[in-house]
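Q: after the sequence you'll find the predicted model.
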Amino acid sequence: MSNRLYYGDNLPVLRGEIADASVDLVYLDPPFNSNATYNLLFRAPTGQKSEAQIEAFEDSWHWAEPAARAYDEVLHSPYTDAATMLHALRRFLGENDMMAYLAMMAVRLLELHRVLKPTGSLYLHCDPTASHYIKLLLDAVFGKFRFRNDIVWKRTATHSDSRTWSRVSDNIFFYTKGETFTWNTPREAHSEAYKAAKYVFDDGDGRKYALDNMTSPNPRPNMMYEWFGFPHPVKGWRYSRETMQKLHEQGRVWYPARQDGTPDTGRRPQLKRYLDEMEGGVIGNVWTDIPPINSQAKERLGYPTQKPLALLERILSASSNEGDLVLDPFCGCGTAVHAAQKLGRRWIGIDITHLAVSLIERRLKDAFPGIGFEVLGTPTDIGGARDLAARDKYQFQWWAVSLVDAVPQGGRKKGADRGIDGIRWVRTGPKEGAVERVIVSVKGGEHVTSSMIRDLKGTLEREGAAAGLFLTLAEPTREMRREAAATGFFETAFGSHPKLQILTIAELLAGMRPDLPAHGSGEGFRQAPRERSETQSKLDF
């Protein structure tokens, strides 16, 4: 099975596309009222704040028909514990934003439980806003005995202007579907201070070691024997005679001695643990060693809720193996699927905005040149394009803009785009900084007219742009094409190009592209760093 990226609501995708007991690991970071505008995805040639500040969606939830329907579905599902818990929460909270969030999450958690393998794990990432309610739901869906841990990740430093205890951490709830589950103990290297304090012994061969207790923690009658004149501890030795003999022959037993060199049988032998054989300390559930993504981080893409790659690599390394299937149903900017690809896991990502899907596509192709994966749910024919335009004109605009390698401009607010749906920067000369804007206008209606071409001409003049692209779902008239042709050409060091070009969605789906110079070095999705080439051989399944 190839890796898959879905555009769409994750609930129907889970129900229609993901088989029962097929997923090894689920990671999800569902947004809740963080007031993020999701509008910092792009950069401009000058390095300043981009013009393409687009509000992709609000991560808030409201009690309305979809939430009420989700609530009803859970109540009539066979998951009686989840139904009982959700009903109790509604009686306590009432019908508000929090209850809408919990209802929408509950019906999705039931599906995520279904698609997990019996040995699978789920990690749910959230902040303190709703974490206490979410844990109750998780207990109801997975069972309270399947709760494994609450990981606390310190994601930021304290804020000096905070009027209460500064919020610096997120919670990551860890659940498993069954009693037996995939687990690779995560370890961290010992600090220099720890090694200097603990590994202080040396037999002259340069190998440092620490001494460890050889006493059994529980009474073991069969381990109560004398060893080279040393009496057994009260509860017995930790090891059998056979094992003790092997350790002795390997020189791994330290025997206490008096100053004259004779055995000090008033003390006990200890085990030598060599530093060069130690795997490192076991990582606990409080993570302070993974910093958040700051403004200077190479992996920063501008997505407000972007999580560090190291965070997801730790989770995936602990709870999955190479070749396992990882699912992120709220994949945002794609950190989980990036980590899965890097670590040799198969993956499925789902997001409800085409903007996020387009960003993930670029991120993966930048990081893993030559990568192959499927993108599902986005239009592949004219019928699909018409359906998307009818359902959500903004998603249609963002999708259409991506077909000409431009980035979206404006947002959902009326008049915010000033007649501009996308921006593409092109190189006009060999010198650094020789770039110009190309404005993109998208029309998803059933009819287009010459007045729209004249409007785009006016926008080009007002904005001082080099050229304009008119993308239309409907077939343009001959008069429109004559109007565009009469606009003339713009000159670059690389040749002449039509100043106003009309392209239909059908033509773009068939592979046609605008007549433009190469991309400029500026505005576009931020480029993800390329991963090391030696990992690539593991990544094609």
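A: The structure has been received and is ready for your questions.

Q: how's this structure carved up into domains?
A: 4-158+168-185+283-376, 188-277, 382-525 (automatic domain parsing).

Q: to Glu531, which of those lies closest?
A: When the domains of the chain are compared by Cβ to Cβ, domain 4-158+168-185+283-376 sits nearest Glu531, at 4.9 Å. C-beta coordinates here come from the backbone N, C-alpha and C atoms, glycine included.

Q: ends of that closest one, what's the gap?
A: 7 Å (Cα to Cα, to the nearest Å).

Q: show me how far it is from its chain's centre.
A: 7 Å (Cα atoms, centre = their mean, to the nearest Å).

Q: using PDB, write out every CA atom in the helix or strand containing Leu138.
A: Assigned by DSSP states H and E, Leu138 belongs to helix 131-142. Extracted in PDB, the C-alpha atoms of helix 131-142 (Å, rounded to 0.1, in the frame of the first residue of the first chain):
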ATOM      1  CA  SER A 131      -7.400  18.100  28.200                       C
ATOM      2  CA  HIS A 132      -9.400  17.100  31.300                       C
ATOM      3  CA  TYR A 133     -12.500  16.500  29.300                       C
ATOM      4  CA  ILE A 134     -10.700  14.700  26.500                       C
ATOM      5  CA  LYS A 135      -9.200  12.300  28.900                       C
ATOM      6  CA  LEU A 136     -12.600  11.300  30.200                       C
ATOM      7  CA  LEU A 137     -13.700  10.600  26.600                       C
ATOM      8  CA  LEU A 138     -10.500   8.600  25.900                       C
ATOM      9  CA  ASP A 139     -11.100   6.500  29.100                       C
ATOM     10  CA  ALA A 140     -14.700   5.800  27.900                       C
ATOM     11  CA  VAL A 141     -13.600   4.800  24.300                       C
ATOM     12  CA  PHE A 142     -10.400   2.900  25.100                       C
END
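
Q: Provide the strand pairings for the strand ranked longest in the chain, with the direction of each partner.
A: Once the chain is assigned using DSSP state E, the strand that runs over the most residues is strand 116-126. In the sheet, strand 116-126 lines up against strand 23-28 (parallel), strand 169-176 (antiparallel) (DSSP bridges).

Q: what's it in contact with?
A: Outside strand 116-126, the residues within contact range by Cβ atoms under 8 Å, 6 or more residues apart in numbering are 21-30, 32, 112-113, 134, 138, 142, 148, 151, 170-178, 180-182, 307, 315, 319-320.

Q: also stretch 136-143?
A: 79, 81-82, 84-86, 89, 102, 105-106, 109-110, 113, 122, 124, 147, 173, 175-177.

Q: can you give me the strands for the stretch 301-450 of the chain?
A: Per DSSP state E, counting those that start in this stretch, the stretch 301-450 of the chain carries strands over the ranges 325-328, 346-351, 374-376, 407-408, 422-427, 435-443.

Q: quick one: mean pLDDT for stretch 474-482?
A: Across stretch 474-482, pLDDT averages out at 95.

Q: now do the end-to-end distance for it.
A: Per Cα to Cα, stretch 474-482 runs 17 Å from first to last residue.

Q: show me which residues of that stretch are buried.
A: For stretch 474-482, a neighbour-count test (16 or more other Cβ atoms under 10 Å) marks 476, 480 as buried.

Q: under the pLDDT cut-off, which ranges of this protein? List them.
A: Applying pLDDT under 70 to the chain flags residues 1, 32-60, 157-162, 294-304, 410-417, 519-527, 532-541.

Q: now the farthest one out in it, which residue is it?
A: The C-alpha centroid of the chain is most remote from Asp260, which lies 63.7 Å away (Cα atoms, centre = their mean).

Q: strands - which of the contacts of stretch 136-143 land there?
A: 122, 124, 147, 173, 175-176.

Q: for the stretch 151-300 of the chain, what spans make up the helices?
A: 192-198, 241-249 (DSSP state H, counting those that start in this stretch).

Q: still on that earlier bit, distance to Glu531 for the domains of the chain - can I get that in CSV?
A: Compiled in CSV, the domains of the chain are given as follows (distance: least, Cβ to Cβ, whole Å):
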stretch, distance to Glu531
domain 4-158+168-185+283-376, 5
domain 188-277, 22
domain 382-525, 17
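
Q: picking up where we left off before, point out the one among the helices of the stretch 151-300 of the chain that comes closest to Arg386.
A: Taking Cβ to Cβ as the criterion, helix 192-198 is the member of those that comes nearest to Arg386, at 63.8 Å.

Q: extract the C-alpha trace of the closest one and format it as CSV.
A: Listed next in CSV are the C-alpha coordinates belonging to helix 192-198 (Å, rounded to 0.1, in the frame of the first residue of the first chain):
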residue,chain,number,x,y,z
GLU,A,192,28.6,14.4,31.4
ALA,A,193,27.9,15.3,35.0
TYR,A,194,26.1,12.0,35.5
LYS,A,195,28.9,10.0,34.0
ALA,A,196,31.5,11.8,36.0
ALA,A,197,29.6,11.2,39.3
LYS,A,198,28.6,7.5,38.7
